[in-house]
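# structure for the following, please:
(chains A and B)
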Amino acid sequence: MNTPRKLKVATTSLAGCFGCHMSLLDIDERILDLLQLVEFDRSPITDIKHCSACDIGIIEGGVCNAENVHVLREFRANCKILVAMGACAVNGGLPAQRNHLQLHEILTAVYATEGGLASGVQIPNDPELPLPLNQVHPIHEVVKVDYFLPGCPPSADAIWKFLTDLIAGRTPHLGHGLIHYD
Amino acid sequence: MSDQTFTLDDQEIPFAPGQSVMQAALDAGVFVPHLCYHPEFRPHGSCKLCTVKINGRPATSCTTPAAAGLNVESNTPEILDKRRTLLQMLLVEGNHFCPSCEKSGHCKLQALGYELGVMTPHFNLIYPDRPVDASHPDVLLDFNRCILCELCIRASAEVDKKNVFSLSGRGITKHLIVNAESGRLADTDFALTDKAAQVCPVGVILPKKQGFSIPIGRRRYDAASMSAHVDEFKPTAKVQEERP
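Here you go, the predicted structure:
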C-alpha cells in the first residue's frame, strides 16, 4: 500500500515572542509522530527562508510592521490552509497593547526621553529596518485566515489536538480545557 | 412549582407563575448562556446572549415570561451561531487581553467564548482608548473590558443605595462612568464590600492587592465550563461572589 504523501507545513513568527513555537515543541516526543505525517517547509525549525507550495501555514504573532505584511502574504499565497496560532495572531495580543498610543510617542519615549541609551541616540531609521505600522493588527485583518487557535500560548495538548484533527481532515475541535484565551 | 410546562429543545420544562423562560430553564438545570442576567436582580435583556426562538421568533429568554405550551429553541446551530457573533462583537468593542487580566478564568465573557467555541474575534478590532481608574485605595476600574451589562449600576443603585455608576453616551460611544464631579472612583463612597464590587461578569471592577491569587488550573471555569455551573445561576441559588 502506498503511504500517503506527507503534508507540507510552513510556520513563522511575526509580531510574536516565539512562545507558540515553543509550545509546539512542547508536544515532546509526539513530534516524532508528527514528522511521520508532515514535513516542514519554511519555518524557524528548518531555517528555510521562503515558502514553497504548502498544505498548511501556521502563523504566530500579529502584524506590526511592513515585513510582517510581506511574510503573511507570502504564506497566504503558498498555503492551502492558513492557521492563526496564539493570541497575537488572533487578536493582536501583547504587541497590540500599544495601539492606543501614537507610534511617534512610543519611539520617542524609548529612544529619546528614557534613560539607559547612549547620548545622541536617534530613533532608528536604517532602510534595512521594516517600518512599523501605526497599529498592530491580527492577521485576519490582512489576509483570509482559515482556522484560529487561540491561547497565550495554546497548550501543547491544544496544538496537538488541533494539528491531528486538521491533518486527519476533520474540522479542529478543542473543547473545554483546551480552548483558552490566556 | 405548577404542573404547567413549555418545551425547550424537545425537553418539557415546568415553571412557576411569574418565572421567565430563563429562570424556568435554569431551575430545571438547563443552562442558557447569559452575561447581564443575575439571579438577584431584575432581568435587563441587554446582552442578548440568552436569545432563543420562542414559537419561531427571536426573544431574550430572561425577559420573556414562561407560558404553557411555548416552543423554545435554544441549543440549535442557528441560535448558537448568533450567540457567537454577539460574543465576537463584544470582544472587538473592548480591549479583552486575557493574558494580562486578573479576571481570566473567572470571567463570564471568556467562559462563554470557551463554551460556544469562539476561536476568533472575526471582526476588525476597534482597540478603544479607555484609561483605567486606579484612584480608589481598594478597587481598580479597567473600563477596557466593560460590556455595558449594567449589573454594577443596578447593584449600586438597588442594593448599596449609592448610585456610584452610570452609563453615558449613545451607541458605540456609550460607556460606563463614575458618578462624581471628578469622575474618579476615589471621590465616591464606593467600598470593596459593596454589592456593586461583586457582580461584574468581566474584569472591570477588580479588588486591589489580590491579583492572580488563584493559580491557573484552579480558577472557576478551568475545571468546568460555565454550563456546568448552572446551579449557581438558579433563581433560588445562594449566589457566590464573582471572585472566590
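# residues near the closest residue in space to residue B:158 that isn't next to it in sequence, how many?
Here the nearest residue to residue B:158 in space, its sequence neighbours aside, is residue B:41; by Cβ to Cβ, 6 or more residues apart in numbering or on different chains that works out to 7.1 Å. Every C-beta, even on glycine, is put in place using the N, C-alpha and C of the backbone. For residue B:41, the neighbour count with other Cβ atoms under 10 Å in any protein chain shown is 17.
# what kind of secondary structure is residue B:41 in?
coil (DSSP: H, G, I helix; E, B strand; the rest coil).
# center of chain A - which residue?
residue A:60 (1.2 Å; Cα atoms, centre = their mean).
# give me the pLDDT for that one.
Residue A:60 carries a pLDDT value of 98.
# what do you get for residue A:4?
Turning to residue A:4, the model gives it a pLDDT of 80.
# next one: residue A:109
Listed pLDDT for residue A:109 reads 89.
# now do residue A:118
The score at residue A:118 is 80. That number is its pLDDT.
# equivalent analysis for residue B:152, please.
98.
# which other helices and strands does whichever helix or strand it is part of contact?
Secondary structure assigned from DSSP states H and E places residue B:152 in helix B:151-154. Judged by 3 or more Cβ pairs under 8 Å, 6 or more residues apart in numbering or on different chains; DSSP states H and E, the packing partners of helix B:151-154 are strand B:165-168.
# buried residues in the strand it packs on?
residue B:165 (16 or more other Cβ atoms under 10 Å in any protein chain shown).
# which neighbouring elements make contact with it?
helix B:151-154, strand B:175-178.
# with mean neighbour count added, can I get those in JSON lines?
Supplementary listing: the helices and strands packed on strand B:165-168 in JSON lines, determined by neighbours: other Cβ atoms under 10 Å in any protein chain shown:
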{"stretch": "helix B:151-154", "mean neighbour count": "24"}
{"stretch": "strand B:175-178", "mean neighbour count": "18"}
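# gap between the residue nearest to residue B:43 when sequence neighbours are not counted and residue B:169?
In space, residue B:43 comes closest to residue B:62 once its chain neighbours are excluded; the distance is 4.0 Å by Cβ to Cβ, 6+ apart. As judged by Cβ to Cβ, to the nearest Å, residue B:62 and residue B:169 stand 24 Å apart.
# then residue B:74?
32 Å.
# cool, residue B:136 as well?
23 Å.
# kindly report the same for residue A:38.
Distance of residue A:38 to residue B:169, given as Cβ to Cβ: 51 Å.
# tell me the centre residue of chain B?
Central residue of chain B (Cα atoms, centre = their mean): residue B:35, 2.2 Å from the mean position.
# more neighbours: which of residue B:62 and residue B:169?
Neighbour comparison, residue B:62 and residue B:169: the larger count goes to residue B:62, with 27 against 10 (by other Cβ under 10 Å).
# would you confirm that that one contacts residue B:35?
No - under the criterion of Cβ atoms under 8 Å, residue B:62 makes no contact with residue B:35, lying 10.2 Å away.
# pretty sure residue A:39 sits in a strand.
Yes - counting by three-state DSSP, residue A:39 is part of a strand.
# okay, now it: neighbour count?
The number of residues near residue A:39, taken as other Cβ under 10 Å, comes to 14.
# do you know how far the closest residue to the residue nearest to the centre of chain B other than its chain neighbours is from chain A?
In this structure, residue B:35 finds its nearest non-sequential neighbour in residue B:47, 4.1 Å apart by Cβ to Cβ, 6+ apart. Using Cβ to the nearest Cβ, to the nearest Å, we find residue B:47 at a distance of 18 Å from chain A.
# what residues does residue B:47 make contact with?
By Cβ atoms under 8 Å, 6 or more residues apart in numbering or on different chains, the residues touching residue B:47 are B:34-37, B:86, B:90, B:147, B:149.
# tell me which of the helices and strands packed on strand B:165-168 sits nearest to residue A:75.
strand B:175-178 (37.9 Å; Cβ to Cβ).
# domains of chain B?
According to automatic domain parsing, chain B comprises the domains B:15-75, B:105-213.
# ends of the shortest one, how far apart?
So that's domain B:15-75. Domain B:15-75 has an end-to-end distance of 19 Å (Cα to Cα, to the nearest Å).
# figure out how far that domain is from the centre of its chain.
Relative to the chain's own centre, domain B:15-75 is displaced by 14 Å; criterion: Cα atoms, centre = their mean, to the nearest Å.
# same check on the last one?
In terms of Cα atoms, centre = their mean, the gap separating the centre of domain B:105-213 from the centre of its chain is 11 Å.
# measure it end to end?
11 Å.
# quick one, what contacts residue A:77?
residue A:51 are the contacts of residue A:77 under Cβ under 8 Å, 6+ apart.
# next, it: secondary structure please.
helix.
# from residue B:77, how far out is it?
On the measure of Cβ to Cβ, residue A:77 and residue B:77 end up 33 Å apart.
# now do the contacts for the closest residue to residue A:108 other than its chain neighbours.
Closest residue to residue A:108 apart from its sequence neighbours, by Cβ to Cβ, 6+ apart: residue A:123 at 7.0 Å. By Cβ under 8 Å, 6+ apart, the contact set of residue A:123 is A:107-108, A:111-112.
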